[in-house]
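Participant: everything below, folded, please.
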Amino acid sequence: MTTPLLEMHGVSKSFGASRALDNVSLALRGGEVHALIGENGAGKSTLMKILSGAYRPDQGRMEIGGVAYAPRGPRGARNLGVAMIYQELTLAPHLSVEANVMLGQERVVAGFIRRKEHRRLVAQALELLDHPDIRPETVAGNLSVGAQQLVEVARALVADARLIVFDEPTSSLTERDAERLFEIIERLRAKGLAIVYISHFLEEVRRVAQHYTVLRDGRSVATGPVAGTELATMIGQMVGRDLTELFPRVPHEPGEPILELTELSRRPIPKKADLVLRRGEILGIAGLVGAGRTELLRAIFSLDSVRSGSVCVRGISSRNATPRLRIRQGLGYLSEDRKGEGLALGRSIEDNMTYSALDQYSRWGWLDLGRRKSDAAGWMTKLRIKAISPSQVIGDLSGGNQQKVAIARLLHQDAEVLLLDEPTRGIDLGSKAEIYRLIGELAAQGKAIIMVSSYLPELFGICDRIAVMTRGVLSKARPVSDWTEHSVMEVATGG
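Facilitator: Numbers count the residues shown, from 1 in each chain. Take a look at the predicted model:
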């Protein structure tokens, strides 16, 4: 057994009275991919911020290569061979690939940058990544998200990193880019680098990692080899209980039609969408990233103008509709971009829940803030939202609780048709199961739901019918039993 490259012993960290990490230990060897898994709030990010030098631990010690490791900041950690690839990319989009790779680690002599050495180092790093469409002179902002992520990896290689942390690296990648990333991770492992891989997708963990460690409530509760460990075992270790139903089925029965799309299109996508949605139905829309799924929901909700076709709600077609009209008609839209446009992260829970339907609290130009707070507290109880009070800033909540607040907003505005775009992206397994159960309960109440997802198991797990978007064209919706994951991907790729 080789000596660990990284050892973390008894690491603890508190923020005021909150204990984020409690006596956590982790060992990682060169040439190994070690998955760090756990629910949101389990302490994964805090532990990695300590490793990367962003935080200082309150207690515990760390060693790299048998030598004491206590970086004084991210730059110090990078100088000692530790690099972070964050979920939110940290590139300067207006600079070239070469400039981004060398940013902060320029080779300078007498105040002049050594351009030839820059080109040589960047060329070597890109050659290892084997991604010929990434050119040093290309502006980083013109690359795909997957290619931008590889530029971050190249930056770590130029820094001569011995250990690279990947934090939810596939959350915004296409399936093809994710597969390329897995190949590169394997290539890095084969060269002896140590990799920490953080992901909510346990299928990915089984695909890329050799060992795993589970954090729960700030403690390391389990560690072991990935091979031979059942998925159900990992899930149980993460949530602290047996999660017998990852996709809980709530009985519901589709009723009469409530929403109908007829040859709906806009420039450039969607090109054509025909669909009938019924009350009490969960209809899933699959497809590759960029196929037009998000654009379809935005067109239905009138966030984007349509070129032709119609959207009928309860048999009534409205031309030149606006989002305000759609809300009055009973439609509610949940954006895939929770942080950018789905929530006002600096505002309170009650603000986020009620912004789209404030009229009910207004009288003579004044808002009844007491009744609004009481209503928000009621929704928090119904949806089991974990927070201190309705006045708490929503940015302080976990991703799963933020998503519940976003759904509560649609219910508060009395939406009968819910347009959910990637409703479980970036949240942990326990929270996903709660969101799935909530969606089933809403269908049982007669709500009609369209759910866009890149995660096929959840579409098969909770939907009644599935339609597939291919290059802007929506396929006919068919019962889930008529599809397989293979047939969905075949249609999605134009096969």
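
Participant: how about the helices in the stretch 1-150 of the chain?
Facilitator: With DSSP state H, counting those that start in this stretch as the criterion, the stretch 1-150 of the chain has helices at 44-51, 74-79, 97-102, 115-129, 145-158.

Participant: return the distance of the most centrally placed residue in the chain relative to Ile50.
Facilitator: When Cα atoms, centre = their mean is applied to the chain, the residue found nearest the centroid is Gly426 (2.8 Å). Taking Cβ to Cβ, to the nearest Å as the measure, Gly426 falls 22 Å from Ile50. Glycine gets a C-beta too; all of them are placed from N, C-alpha and C.

Participant: rewinding a little: turn the helices of the stretch 1-150 of the chain into TSV, including mean pLDDT, mean neighbour count and distance to Gln445.
Facilitator: Shown next, in TSV, are the helices of the stretch 1-150 of the chain (pLDDT from 0 to 100; neighbours: other Cβ atoms under 10 Å; distance: least, Cβ to Cβ, whole Å):
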stretch	mean pLDDT	mean neighbour count	distance to Gln445
helix 44-51	91	23	35
helix 74-79	88	17	48
helix 97-102	84	24	49
helix 115-129	80	16	50
helix 145-158	81	22	37
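
Participant: export the ones you listed to a markdown table and tack on distance to Arg298?
Facilitator: Shown next, in a markdown table, are these (distance: least, Cβ to Cβ, whole Å):
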| stretch | distance to Arg298 |
| --- | --- |
| helix 44-51 | 31 |
| helix 74-79 | 37 |
| helix 97-102 | 31 |
| helix 115-129 | 34 |
| helix 145-158 | 19 |
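
Participant: what's the angle from the particular helix or strand that has Thr213 in it to helix 44-51?
Facilitator: Element membership for Thr213, per DSSP states H and E: strand 211-216. Counting by axes from the mean of the first three to the mean of the last three Cα atoms, to 10 degrees, strand 211-216 lies at 110 degrees to helix 44-51.

Participant: give me the next element, helix or strand, following strand 211-216.
Facilitator: Later in the chain than strand 211-216, the nearest helix or strand by DSSP H and E is strand 219-225.

Participant: end to end, how far does stretch 128-139 reach?
Facilitator: 20 Å (Cα to Cα, to the nearest Å).

Participant: buried residues, it. List them.
Facilitator: Leu129, His131, Ile134, Pro136 (16 or more other Cβ atoms under 10 Å).

Participant: distance of the nearest residue to the third one once chain neighbours are set aside relative to Leu297?
Facilitator: Nearest-residue entry for Ile134: Ala147, 5.4 Å, with adjacent residues in sequence omitted and distances by Cβ to Cβ, 6 or more residues apart in numbering. Going from Ala147 to Leu297 by Cβ to Cβ gives 26 Å.

Participant: thinking again about what came up before, what is the nearest of the buried residues of stretch 128-139 to Ala344?
Facilitator: Ala344 lies nearest to Ile134 out of the buried residues of stretch 128-139, by Cβ to Cβ, at 36.0 Å.

Participant: residues contacting the closest one?
Facilitator: Val97, Leu126, Leu143, Ala147, Leu150, Val151, Ala154 (Cβ atoms under 8 Å, 6 or more residues apart in numbering).

Participant: can I get these in a markdown table including distance to Val11?
Facilitator: Formatted as a markdown table, the contacts of Ile134 follow (distance: Cβ to Cβ, whole Å):
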| residue | distance to Val11 |
| --- | --- |
| Val97 | 36 |
| Leu126 | 35 |
| Leu143 | 36 |
| Ala147 | 35 |
| Leu150 | 30 |
| Val151 | 31 |
| Ala154 | 30 |
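
Participant: in what helix or strand does the residue nearest to the centre of the chain lie?
Facilitator: Under the criterion DSSP H and E, no helix or strand holds Gly426.

Participant: could you do the one 4 residues further on as well?
Facilitator: With the criterion set as DSSP H and E, the secondary-structure element containing Gly430 is helix 429-444.

Participant: any residues touching that helix, and which ones?
Facilitator: Helix 429-444 is contacted from outside by 39-40, 200, 202, 235, 238-239, 243, 245-252, 280-282, 383-384, 398-401, 403-404, 407, 411, 418, 420, 423-424, 427, 449, 451, 458, 461-462, using Cβ under 8 Å, 6+ apart.

Participant: how about the nearest residue to Ile50, chain neighbours excluded?
Facilitator: Leaving out its chain neighbours, the residue that sits closest to Ile50 by Cβ to Cβ, 6+ apart is Pro57, at 5.1 Å.

Participant: correction: Asp368
Facilitator: For Asp368, the closest residue by Cβ to Cβ, 6+ apart turns out to be Tyr361, at 4.7 Å.

Participant: tell me the confidence at the one you found?
Facilitator: Tyr361 is assigned 81 on the pLDDT scale.

Participant: what sits against it?
Facilitator: Thr354, Leu367, Asp368, Leu369, Arg371, Arg372 are the contacts of Tyr361 under Cβ under 8 Å, 6+ apart.

Participant: can you list phi and psi of it for me?
Facilitator: With angles defined as degrees, to the nearest 10, Tyr361 sits at phi -100, psi 0.

Participant: could you flag which of the contacts of helix 429-444 are buried?
Facilitator: 39-40, 200, 202, 235, 238-239, 243, 246-248, 250, 252, 280-282, 383, 398-401, 403-404, 407, 411, 418, 420, 423-424, 427, 449, 451, 458, 461-462.
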